[in-house]
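J.: build me a structure from this.
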Amino acid sequence: MSKPFTLISAKVRDHAIAAIRCAPIGWQVLIQEPKRGVDQNAVLWGLLDDFAKQVTHVNGQKYPKEAWKMAMMHQLGIEAGFMPSLDGSEIVPLGYRSSQLTRSQMRDLLTLVEAEGAARGVVFTERRREAA
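T.: Residues are numbered from 1 along each chain as shown. Predicted coordinates for the structure are as follows:
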């Protein structure tokens with residue numbers, strides 16, 4: 001039976017250490033950064049909404065915030081796959097789910113959106129909170 005521990009205090013850390021000491025040889029322990037939070041997600045979509053409303057891309061076209069999110073994640077090197085569309089006439093991206101990002105990856109994504117927005121003259125209506 002697995003029991004995840006979120007290390008929010010020294011006491012919880014001590015319980016995790018005790019659980020590791022009692023675990024049978026051969027079991028696995030995974031220490032990982034938590035996934036992004038809902039606070040970061042809310043900030044991201046606010047920034048992307050402003051970005052999508054104000055930016056025209058190099059081809060003279062405007063794109064929805066979902067497309068900008070994929071372009072920004074691609075810029076960060078977050079990998080996604082591709083497949084042909086059902087009729088084979090286009091390529092369709094797969095992946096780019098920000099819900100799978102860690103908190104630090106999400107901070108990097110927010111920083112990129114803000115930097116790209118600043119470079120393109122975007123006026124963001126909601127400033128990013130430091131907690132994000």
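J.: tell me, how many residues neighbour the residue nearest to Thr56 when sequence neighbours are not counted?
T.: Spatial nearest neighbour of Thr56, excluding adjacent residues (CB to CB, 6 or more residues apart in numbering): Lys62 at 5.6 Å. The way it works is simple: take the backbone N, C-alpha and C, and place the C-beta from them, glycine included. Residues lying near Lys62 (other CB atoms under 10 Å) number 12.
J.: for Lys62, give me its contacts.
T.: If a contact means CB atoms under 8 Å, 6 or more residues apart in numbering, then Lys62 has 52, 55-56 as its contacts.
J.: check Lys69 too.
T.: For Lys69, counting by CB under 8 Å, 6+ apart, the contacting residues are 44, 48, 96, 98.
J.: how does it look with 7 Å?
T.: Lys69 is in contact with 48, 96, 98, counting by CB atoms under 7 Å, 6 or more residues apart in numbering.
J.: on that earlier part again, against Ala52, how distant is the residue nearest to Thr56?
T.: Using CB to CB, to the nearest Å, one gets 7 Å for the distance from Lys62 to Ala52.
J.: on that earlier part again, for Ala18, state which of the contacts of Lys62 is nearest.
T.: Of all these, Ala52 has the smallest distance to Ala18: 49.4 Å, by CB to CB.
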